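*Asks:* just the structure for this:
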Amino acid sequence: MGMLVSALAMSAAGCAIPIHTFDAKDVSRVRLSADSTTDEFAAQRTTPSDPAAQSRKPWHIEIGFHGSHTKLAETKRLLDRRLEIPLRYDVLDVFDHPGTPLDRKSDLALTSFYVGAGRQESDWLVWNLYAGGGGARDHTHQRFINANLEVSFRYALAYTGVTAEIYPWRVPHPTPEMDWSQRISASRPYVVTGMETGYVSGEGRGHYSLAPFRIYQDQVKIRDWITSYNLGLGWALPLDDRWSVNVTGDFRFHFYRPDEYDSWVVSVGLRYQLSVPSRPGKMP
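*Replies:* Residues are numbered from 1 along each chain as shown. All right, here's what the predicted structure looks like:
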């Protein structure tokens, strides 16, 4: 019996040894490990709704204009055929050729204005959604004694589209105060692609008269829905950490009446970042 009691006492003493040797340093290490685990768990729960995460994908607004050099091949054929008749009556050759949309094309005056908004998704990609429009009127009235030649054109365009800007060397990350050499160094080229859809309205009227008689008159109307795929190159020039100028040149491949609407387009936009973009390497 004495040996059994001694064995139990030694067993109890052996079980108690780890409790006495688990000192304050071990407790401190456990607490630090638990704290680091909690921090990692909190980081994993960070969602895009957090303000810090949103600042890594800054939104922007933009205003600018498009200058278009459109083919207008069908319009040229139509005008050549329609204007030939009234000008044929000008046997004395006293009237100049009236102004037409083809003259605006030659003068690079087929312009429109747009407003847009978008977001920087990463250091390589920025998307934009925009809408705009424009219109013009050309009117020619010539008179010689009792002969009158009057030709007028009206045209309007409304459109909306979406583009993606792909930056092979990352988006610009400027600083608040820069001189022009630093602005140029911070600028970046990009590839732009997108889709655009719009509505074109055009109307032409003309007549030739020998007062009080109207010898000839004509009228043409155009109403078209058009959609294009756009592909081109651009350059982003930052002015400071929020303002930048974006210049883009692209070609518009139209699905409907390409001989008429295919065009080269130069776009110039003034862009404002609603928040300061993150530095390179901090975006997904």
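
*Asks:* for the stretch 101-250 of the chain, which segments count as helices?
*Replies:* 101-106, 180-186 (DSSP state H, counting those that start in this stretch).

*Asks:* so for the shortest one, mean pLDDT?
*Replies:* Put plainly, it is helix 101-106. Mean pLDDT, computed over helix 101-106, is 72.

*Asks:* what's the helix or strand containing residue 79 packed up against?
*Replies:* Using DSSP states H and E, residue 79 falls within helix 73-88. Packing partners of helix 73-88 (3 or more CB pairs under 8 Å, 6 or more residues apart in numbering; DSSP states H and E): helix 101-106, strand 147-166, strand 188-210, strand 213-238, helix 258-261. Placement of C-beta: from N, CA and C, glycine included.

*Asks:* which one of these lies nearest to residue 179?
*Replies:* Nearest of the helices and strands packed on helix 73-88 to residue 179, taken as CB to CB: strand 213-238 at 12.2 Å.

*Asks:* so what strands line up beside that closest one?
*Replies:* strand 188-210 (antiparallel), strand 243-254 (antiparallel) (DSSP bridges).

*Asks:* quick one: closest of the ones you listed to residue 137.
*Replies:* Closest approach to residue 137 among those is made by strand 188-210 (9.7 Å; CB to CB).

*Asks:* show residues contacting stretch 208-215.
*Replies:* Here stretch 208-215 makes contact (CB atoms under 8 Å, 6 or more residues apart in numbering) with 86, 89, 90, 146, 147, 148, 149, 207, 216, 217.

*Asks:* same question, stretch 222-230
*Replies:* Identification of contacts with stretch 222-230 by CB under 8 Å, 6+ apart yields 161, 163, 192-203, 250-257, 261, 265.

*Asks:* likewise for stretch 82-98?
*Replies:* With contacts defined as CB under 8 Å, 6+ apart, stretch 82-98 is touched by 100, 138, 140, 142, 144, 147, 149, 151, 204, 206-208, 215-216, 218, 220.

*Asks:* out of these, which are buried?
*Replies:* Buried by 16 or more other CB atoms under 10 Å: 100, 138, 140, 147, 149, 151, 204, 206, 207, 208, out of those.

*Asks:* now the fourth one: closest residue in space, sequence neighbours ignored.
*Replies:* What that stands for is residue 147. Leaving aside its chain neighbours, residue 147 sits nearest to residue 210 (5.5 Å; criterion: CB to CB, 6 or more residues apart in numbering).

*Asks:* ok, now which ones touch residue 195?
*Replies:* Counting by CB under 8 Å, 6+ apart, residue 195 makes contact with 161, 162, 227, 228, 229, 230.

*Asks:* if you could redo that for residue 68, that was the one I meant.
*Replies:* Residues in contact with residue 68 (CB under 8 Å, 6+ apart) are 110, 111, 112, 263, 264, 265.
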